[in-house]
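Trainee: no sequence on this one, just coordinates:
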């Protein structure tokens with residue numbers, strides 16, 4: 001089974017980071033219809049969160065390097081490792 005990775009370009013990552021800094025009311029969502037009917041929603045259908053235990057020094061290093069986006073940096077680092085290890 002092949003592992004498919006959806007990676008963002010540097011520009012896409014920068015744009016998303018800039019959006020994340022904006023308050024919700026400043027983000028233009030006019031091209032996205034508001035979801036008002038949640039009757040048939042299945043929680044966790046497309047995304048399943050798993051917990052992993054990191055050693056304290058590893059976690060501290062990522063937090064020191066990237067602050068609040070440390071989880072994103074960990075994911076990017078692991079994704080890069082996977083792509084280069086294949």
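Mentor: Done, it's in. Computed from a predicted structure; not experimentally measured.
Trainee: which residues does stretch 62-71 contact?
Mentor: Stretch 62-71 is contacted from outside by 17, 59, 72, 73, 74, 77, using C-beta atoms under 8 Å, 6 or more residues apart in numbering. (Each C-beta comes from the backbone N, C-alpha and C, glycine too.)
Trainee: mark which of these are buried, thanks.
Mentor: By neighbour count, with 16 or more other C-beta atoms under 10 Å, those hold residue 74 as buried.
Trainee: output the contacts of stretch 62-71 in TSV, with pLDDT and secondary structure appended to each entry.
Mentor: Supplementary listing: the contacts of stretch 62-71 in TSV, determined by pLDDT from 0 to 100; DSSP: H, G, I helix; E, B strand; the rest coil:
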residue	pLDDT	secondary structure
17	91	helix
59	95	helix
72	92	helix
73	94	helix
74	94	helix
77	95	helix
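Trainee: what's the most distant pair in the contacts of stretch 62-71?
Mentor: 17 and 59 (21.1 Å; C-beta to C-beta).
Trainee: for stretch 30-47, what does the pLDDT average out to?
Mentor: The average pLDDT for stretch 30-47 rounds to 82.
Trainee: now for residue 61, how many residues are close by?
Mentor: 14 (other C-beta atoms under 10 Å).
Trainee: tell me which residue is most central in the protein.
Mentor: residue 72 (5.6 Å; C-alpha atoms, centre = their mean).
Trainee: contacting residues around it?
Mentor: Residue 72 neighbours (C-beta under 8 Å, 6+ apart): residue 66.
Trainee: and residue 57, by the same measure?
Mentor: Applying C-beta under 8 Å, 6+ apart, no residues contact residue 57.
Trainee: mind checking what secondary structure it has?
Mentor: Under DSSP: H, G, I helix; E, B strand; the rest coil, the three-state class of residue 57 is helix.
Trainee: where do the helices sit along this structure?
Mentor: In the chain, the segments counted as helices under DSSP state H are 10-21, 56-66, 70-85.
Trainee: just want the angle from the last one to helix 56-66.
Mentor: What that stands for is helix 70-85. On the basis of axes from the mean of the first three to the mean of the last three C-alpha atoms, to 10 degrees, helix 70-85 is oriented at 100 degrees to helix 56-66.
Trainee: quick one: helix 70-85 to chain centroid distance?
Mentor: Remark: helix 70-85 is offset 11 Å from the chain centroid, using C-alpha atoms, centre = their mean, to the nearest Å.
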